[in-house]
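> build the 3D model from these lines:
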Amino acid sequence: MGGGSLEMWKAYFGLGCKIIGIDINPTCKQHETDGIEVFIGSQDDPSVINAVAANYPQIDIAIDDGSHRSPHMIGSFNLLYHRVSPNGVYLVEDTHTNYWPDYEGGLNKPGTFIEFCKSKVDEIGAVTSRGALELTPFTTSTDSVTFYDSVVVFEKRPQSSRQAPVTHSMGAQA
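Residues are numbered from 1 along each chain as shown. This is a model prediction of the structure:
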């Protein structure tokens, strides 16, 4: 919170990158510099996301380091994920707050971003579910969901036909 990580990401990604920030605090505009632009508003406000997309239709990497509250994380994801380039990355930081009651979280609590992500794992598996799950745009555009300590990473890659691997028992002849 506060926009300070924008400069860190600019240094990390290096020359030629464009860093776009969204923050509800108008003082975060002070972090604007060459290669960094800040939009003021809520991360789950469609008008803010639409303003960003109007200026930057190609998003290669989206990093949610916002309010750390599940409704905002889910809202941002739903507004932004489909706008990330076909081989892009969507990363959400500070997901440990999903377990904290003071952030409306809790273990296995419905409505948390972590539980939302668990459902996305099922969506990836829709192709091999033998019809138990319906294919979605997420299924056909997402290669992986990876859980780290306090971070969830979605890697996009267009999916063509997937097949369940065929395995044999160790004693079977190939």
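
> where in the chain is pLDDT low?
Along the chain, segments meeting pLDDT under 70 span 1-3, 161-174.

> go again using 90 as the cut-off
Counting by pLDDT under 90, the chain has low-confidence residues at 1-5, 15, 66, 125-131, 158-174.

> following element in sequence after the longest strand along it, please.
Assignment by DSSP state E gives strand 84-93 as the longest strand of the chain. Sequence order places helix 113-124 as the next helix or strand after strand 84-93, per DSSP states H and E.

> pull the distance from that next one to the chain's centre.
12 Å (C-alpha atoms, centre = their mean, to the nearest Å).

> between that helix and strand 84-93, how many degrees?
150 degrees (axes from the mean of the first three to the mean of the last three C-alpha atoms, to 10 degrees).

> contacts for helix 113-124?
With C-beta atoms under 8 Å, 6 or more residues apart in numbering as the test, helix 113-124 has contacts from 70, 73-74, 77, 92, 95, 98-99, 105, 108-109, 133, 136, 138-139, 142, 144-145, 147, 152, 154. To be clear about C-beta, it is placed using only N, CA and C from the backbone, and glycine gets the same treatment.

> list the residues that contact the most centrally placed residue in the chain.
Compute the mean C-alpha point of the chain, and by C-alpha atoms, centre = their mean the closest residue is Tyr90, 3.4 Å away. Tyr90 makes contact with 61-62, 64, 77, 80-81, 84, 153-154, 156 under the criterion C-beta under 8 Å, 6+ apart.

> rewinding a little: next, the buried residues of the longest strand of the chain.
Neighbour-count burial for strand 84-93 flags 84, 88, 90-93 (criterion: 16 or more other C-beta atoms under 10 Å).

> any chance of those in JSON lines, plus distance to Ala54?
Output for the buried residues of strand 84-93, formatted as JSON lines (distance: C-beta to C-beta, whole Å):
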{"residue": "Val84", "distance to Ala54": "16"}
{"residue": "Gly88", "distance to Ala54": "18"}
{"residue": "Tyr90", "distance to Ala54": "19"}
{"residue": "Leu91", "distance to Ala54": "23"}
{"residue": "Val92", "distance to Ala54": "23"}
{"residue": "Glu93", "distance to Ala54": "25"}
